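Engineer: quick one: sequence and predicted model below, then my questions.
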Amino acid sequence: MARIQMLAPENRTPEQAAACAEVIQGRRGKIPTPMIGWLRNPELARRLQKVGELLRFETTLEPRLVELAIIVCARHWTSHVEWQAHKALGLEAGLDVDIVDAIARRSEPLFSDERQRVVYQVVLSMLQTGSVPDALYAQAIQCFDERGVAELVGIAGYYTLVSFTLNMFVQARSMLPQQVHPSLQPIGETEFANGVAAMSASGFFGQTRVCAGIVGQADLCLGDAVRPILERHISAAGGSDIGSGRFRGIRQPIAWDPNSLLVNPAYAVAPDVLDSTAFRAGFAHLEPLGLSFDAWLFFHQIPGLTRLARAFPQTPMVVNHCGGIVRIVAYAERVQQVYTQWRLGLEELAGCPNVSIKLSGLGMRLGGFGFENRPHPPSSEELAQAWRPWVETCIELFGANRCMFGSNFPVDKGSYQYTVGLNAIKRIVEKASTDEQADILWRTASRFYRLDEALF
């Protein structure tokens, strides 16, 4: 979870509001993610975003060279938010898929373009050693002259700052204790979330009950060894026995694709993980402990989830983000095939009564809707029109009583504002009955995560 959130417009000082207005009126057309942190000092935010705007759009370096330098920084600092954003921009700018794939694997790419090779080696050398050898410096001057090299150094320095900002304030998997085995670190997130829940439950901060139900992470591929980790999650969330406390289930990213550009490098996933003996041994401990499973996977993996749901019919499961729609990179060339395969997979999965679906994640670049590239954010009408075929298919197949709205914020905020996305879903279901709307907007989630309906 993000450590801090973007300040709502009504909570911004005049200086912060002015800094936000300035960037929206500029080349970006929207507030960049690092400003979540920078905005705490509005003058810092104003000046840094101007530097970023200059380095992105106003140097002598062509866009694909700029994006190449940025993703080298993102990969070096393991800044997943920056990587996900700029690998897509790099591909759009003309970077070769194999180059981006090699950088993702921390391997040296094979370059046919001398200028790209020099950019890669200069940035990597600066990041790894803080300097550049004389011979490489001479090559850089020959390719870009002194101005271009100065701009390249600026890009590497600025996007190192961006990486630090995102890793400090925005990067998921925060609050992980460092002096424990990696398999136990996610318990720190549960402890933190439960602390927030306790503060909220005090009533001192108002009537809203934050973190009333907590879903954590555990590596089910540990097999039977995951049992004590699950029990510690339950305990960390205030539970003393099965069904007590705030801990509700496990979310384990299992998204895999042959193209590593689509996969989050923070999570190593095998293509057959859902059918593996180790994963299923770990999964078998969820139902006895009263826990559910959130599945984040891609559309072509849905048949594997169906097999899992049939093998464990008593374990409640929810497939995230409308079933993992992917319409970028190679999939952008076969959009209709993606829809057909996605729908057929969901038809089979919907036959498992223990599975629900979350109407979420349609603001991610993966979906190929393209709203993140527009100069101005979309309206709820535009989102509803684009999303309708996908959302209505989910509702048709699973029924309103197994569909739940999910925000996927802050990830989706790169495409639209929270309230605009929520209103888009409301537009899509406006002709449904009152009961069906209640199911989709809150009641299905309340049932699935065992939340007190009085909270809604």
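Structural biologist: Arrived safely, thanks for sending.
Engineer: buried residues in stretch 238-245?
Structural biologist: Across stretch 238-245, burial judged by 16 or more other CB atoms under 10 Å covers 238, 239, 245. The way it works is simple: take the backbone N, C-alpha and C, and place the C-beta from them, glycine included.
Engineer: isn't the first one right up against residue 244?
Structural biologist: Put plainly, it is residue 238. Yes: assessed by CB atoms under 8 Å, residue 238 is found in contact with residue 244 at 7.5 Å.
Engineer: would you map out the domains in this protein?
Structural biologist: Following automatic domain parsing, the chain resolves into domains at 9-170, 182-455.
Engineer: any chance of those in TSV, plus mean pLDDT?
Structural biologist: Formatted as TSV, these follow (pLDDT from 0 to 100):
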stretch	mean pLDDT
domain 9-170	91
domain 182-455	93
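Engineer: okay, which residue is most central for this structure?
Structural biologist: residue 411 (4.8 Å; CA atoms, centre = their mean).
Engineer: who's in contact with the residue nearest to that residue when sequence neighbours are not counted?
Structural biologist: Distance criterion CB to CB, 6 or more residues apart in numbering; nearest residue to residue 411, sequence neighbours excluded, is residue 364 at 6.1 Å. Counting by CB atoms under 8 Å, 6 or more residues apart in numbering, residue 364 touches 321, 408, 411, 412, 415.
Engineer: who's in contact with the first one?
Structural biologist: By CB under 8 Å, 6+ apart, residue 321 lies in contact with 296, 358, 360, 361, 362, 364, 406, 408.
Engineer: looking at those, which are in strands?
Structural biologist: Of the positions in these, 296, 358 sit in strands, assigned by DSSP state E.
Engineer: any chance of the contacts of residue 321 in CSV, plus distance to residue 146?
Structural biologist: Converted to CSV, those look like this (distance: CB to CB, whole Å):
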residue, distance to residue 146
296, 47
358, 52
360, 49
361, 45
362, 46
364, 40
406, 51
408, 45
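Engineer: and the contacts of residue 321, which is closest to residue 335?
Structural biologist: Distance to residue 335, by CB to CB, is smallest for residue 362 among these, at 14.6 Å.
Engineer: ramachandran coordinates for the closest one?
Structural biologist: Per-residue torsions, residue 362: phi -80, psi 0 (degrees, to the nearest 10).
Engineer: what of residue 293?
Structural biologist: Torsion angles, degrees, to the nearest 10, at residue 293: phi -130, psi 120.
Engineer: does it really touch residue 314, like I thought?
Structural biologist: No: applying CB under 8 Å, one finds residue 293 not in contact with residue 314, separated by 11.6 Å.
Engineer: neighbour count for these two, which is higher?
Structural biologist: Set side by side, residue 293 and residue 314 show more neighbours around residue 293, with 24 against 8, by other CB atoms under 10 Å.
Engineer: who does the closest residue to that one other than its chain neighbours bridge with?
Structural biologist: The shortest distance from residue 293 to any non-neighbouring residue, by CB to CB, 6+ apart, is to residue 317 (4.7 Å). Going by DSSP bridges, residue 317 is paired in beta bridges with residue 293, residue 355.
Engineer: state the distance from the closest residue to residue 277 other than its chain neighbours to residue 283.
Structural biologist: Among residues not flanking residue 277 along the chain, residue 223 sits closest, at 7.7 Å (CB to CB, 6+ apart). Relative to residue 283, residue 223 is positioned 9 Å away (CB to CB, to the nearest Å).
Engineer: who has more neighbours, those two?
Structural biologist: Neighbours around residue 223 and residue 283, counted as other CB under 10 Å, are more numerous at residue 283. The numbers are 23 against 18.
Engineer: my read is that that one contacts residue 293, right?
Structural biologist: Yes: counting by CB under 8 Å, residue 283 touches residue 293, with 7.1 Å between them.
Engineer: okay, and the common contacts of the two?
Structural biologist: Taking CB under 8 Å, 6+ apart as the contact criterion, the common neighbours of residue 283 and residue 293 are residue 315.
Engineer: so where do the strands sit in the stretch 351-456 of the chain?
Structural biologist: Here the stretch 351-456 of the chain has its strands, by DSSP state E, counting those that start in this stretch, at 355-359, 403-405.
Engineer: most tightly surrounded among those strands?
Structural biologist: Using mean count of other CB atoms under 10 Å, the stretch among those with the greatest mean number of neighbours is strand 355-359 (a mean of 25).
Engineer: list phi and psi for the closest residue to residue 298 other than its chain neighbours.
Structural biologist: Leaving out its chain neighbours, the residue that sits closest to residue 298 by CB to CB, 6+ apart is residue 324, at 4.1 Å. Backbone torsions of residue 324, given as degrees, to the nearest 10, read phi 70, psi 60.
Engineer: neighbours of residue 324, how many?
Structural biologist: Neighbours of residue 324 using other CB under 10 Å come to 26.
Engineer: repeat for residue 204
Structural biologist: Counted with other CB under 10 Å, the neighbours of residue 204 add up to 7.
Engineer: for residue 451, see how far away it is.
Structural biologist: 21 Å.
Engineer: okay, buried residues for stretch 21-35 please.
Structural biologist: Going by 16+ other CB under 10 Å, stretch 21-35 has these buried residues: 23, 30, 31, 32, 33, 34, 35.
Engineer: oh sorry, the question was meant for stretch 207-224
Structural biologist: Residues of stretch 207-224 classed as buried: 209, 211-223 (neighbour count, 16+ other CB under 10 Å).
Engineer: same thing with stretch 195-208?
Structural biologist: For stretch 195-208, the buried set under the neighbour-count rule, 16+ other CB under 10 Å, comprises 197, 200.
Engineer: can I get it in PDB, CA atoms only?
Structural biologist: The C-alpha trace of stretch 195-208 is given here as PDB (Å, rounded to 0.1, in the frame of the first residue of the first chain):
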ATOM      1  CA  GLY A 195      -3.300  -0.600  13.500                       C
ATOM      2  CA  VAL A 196      -5.100   1.700  11.100                       C
ATOM      3  CA  ALA A 197      -8.300  -0.300  11.600                       C
ATOM      4  CA  ALA A 198      -8.000   0.100  15.400                       C
ATOM      5  CA  MET A 199      -7.500   3.800  15.100                       C
ATOM      6  CA  SER A 200     -10.600   4.000  12.800                       C
ATOM      7  CA  ALA A 201     -12.700   1.800  15.100                       C
ATOM      8  CA  SER A 202     -12.100   4.200  18.000                       C
ATOM      9  CA  GLY A 203     -14.500   6.600  16.400                       C
ATOM     10  CA  PHE A 204     -12.100   9.500  17.100                       C
ATOM     11  CA  PHE A 205     -11.600  10.000  13.400                       C
ATOM     12  CA  GLY A 206     -15.200   9.800  12.400                       C
ATOM     13  CA  GLN A 207     -17.800   7.200  11.500                       C
ATOM     14  CA  THR A 208     -15.900   5.500   8.600                       C
END
